[in-house]
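K.L.:
give me the fold of what follows.
(one chain, ligands or ions: 1)
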Amino acid sequence: MKKIEFAIFEAIPKMQGNCNLRSGFVKKILLINLIFFGALVGEDGSSASLSAAQEARPAPYKANDYSHLFGMPGFSRDALAVHFKLYEGYVTNANALLSILNEYAEQEKTRTPQFADIKRHLGWEMDGMRLHEYYFGELGGSGLPDKNSALYHAIEAQFGSFEAWKKDFEAVGLMRGIGWSLLYQDLKDGRLINMWINEHDHGHLAGGNIILPMDVFEHAYLIDYGLDRQGYIDAFFKNLDWEVVDSRYQE
Ligand SMILES: [Fe+2]
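P.N.:
Numbers count the residues shown, from 1 in each chain. Here you go, the predicted structure:
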């Protein structure tokens, strides 16, 4: 239990860096849980030994190191450092929420408003973590697509040309709001669709294969480009590693 409390104490300050309106709400929920769980710890601070369920839990997620991207043209060190910090916050928060939900399950307190609120919020943190891993993982390249790749051919076959697909993808990325422009592959029939993902968790294609997400939250471009989102999108494409992107496509 002490471990959980510690994780929550650690998570709360980091959550402030997430630049979202919901962080205050989640902080409140976590504080409620802290009080709630704190009451379950003995006065001497002892806690029960690990249950079988606790021992079977997967290890917490670990944030990846993307510092090799420092120096990437069109992305300042300051902007990348802020972005990496925000990503690490999603990892921390995803772990904290999963820990709390595990405790609720073990304490048979799943039919509570707190459980429901955290469960509803979990997708936001989890998708925030995972989408950033796709995003940072596809950067650091030359920006030159392989015109012989299966993905390139599929794009040409479906959209008429690579440029037509890119125009549509960029139009999604230029939509007002915060979120992601995301090239999905519908695995049901293989078709490619540029989707708008609102924030991190609304608008995903069920059963879809994530090919290419582009972050268009303001934190991704405001530091370097102000309101010039197109300038940021141009820099994004100039640094894409198409070998990574191509490897995600399923023939
Ligand atoms: Fe981001």
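K.L.:
which residues touch stretch 147-167?
P.N.:
Defining contact as C-beta atoms under 8 Å, 6 or more residues apart in numbering, one finds that stretch 147-167 is touched by 145-146, 168, 183, 190-192, 194, 211, 237, 242, 245-246, 248-249, 251. C-beta coordinates here come from the backbone N, C-alpha and C atoms, glycine included.
K.L.:
could you do stretch 80-87 as well?
P.N.:
Identification of contacts with stretch 80-87 by C-beta under 8 Å, 6+ apart yields 17-19, 63, 66-67, 69-70, 72, 128-129, 132-133, 136, 215, 219-220, 223.
K.L.:
now do 10 Å
P.N.:
Residues outside stretch 80-87 that contact it (C-beta atoms under 10 Å, 6 or more residues apart in numbering): 14, 17-20, 63-67, 69-72, 75-76, 128-129, 131-133, 135-136, 139, 215, 217, 219-224.
K.L.:
which positions in it come out as buried?
P.N.:
For stretch 80-87, burial by neighbour count (16 or more other C-beta atoms under 10 Å) applies to 80, 82-84, 86-87.
K.L.:
likewise stretch 99-117?
P.N.:
Across stretch 99-117, burial judged by 16+ other C-beta under 10 Å covers 99-101, 103-104, 114-115.
K.L.:
same question, stretch 58-69
P.N.:
61, 63, 66, 69.
K.L.:
now do the first one against residue 207, distance only.
P.N.:
In this structure, residue 61 and residue 207 are 23 Å apart, going by C-beta to C-beta, to the nearest Å.
K.L.:
which residue packs closest to the residue in the chain that the ion sits nearest to, ignoring adjacent ones?
P.N.:
Of all residues in the chain, the one sitting closest to the ion is residue 215 (4.2 Å; C-beta to the ion). Once flanking residues are discounted, residue 215 sits nearest to residue 135: 5.2 Å by C-beta to C-beta, 6 or more residues apart in numbering.
K.L.:
quick check, that neighbour in contact with residue 197.
P.N.:
No - Residue 135 lies out of contact with residue 197 (C-beta atoms under 10 Å); the separation is 11.6 Å.
K.L.:
next, count neighbours for residue 232.
P.N.:
25 (other C-beta atoms under 10 Å).
K.L.:
what does the average pLDDT come to for the host helix or strand of it?
P.N.:
In this structure, residue 232 sits in helix 229-238 according to DSSP states H and E. Mean pLDDT, helix 229-238: 98.
K.L.:
helices and strands around it, which ones?
P.N.:
helix 162-173, strand 208-215, helix 222-225 (3 or more C-beta pairs under 10 Å, 6 or more residues apart in numbering; DSSP states H and E).
K.L.:
give me every residue in this protein lying close to the ion.
P.N.:
Counting by C-beta under 5 Å from the ion, the chain comes close to the ion at 215, 217, 220.
K.L.:
cutoff 8 Å now
P.N.:
83, 86-87, 128, 131-132, 135, 215, 217, 219-220 (C-beta under 8 Å from the ion).
K.L.:
so which of those are in strands?
P.N.:
Using DSSP state E, the members of these that fall in strands are residue 215.
K.L.:
out of the residues of the chain next to the ion, name the ones that lie in helices.
P.N.:
83, 86-87, 128, 131-132, 135 (DSSP state H).
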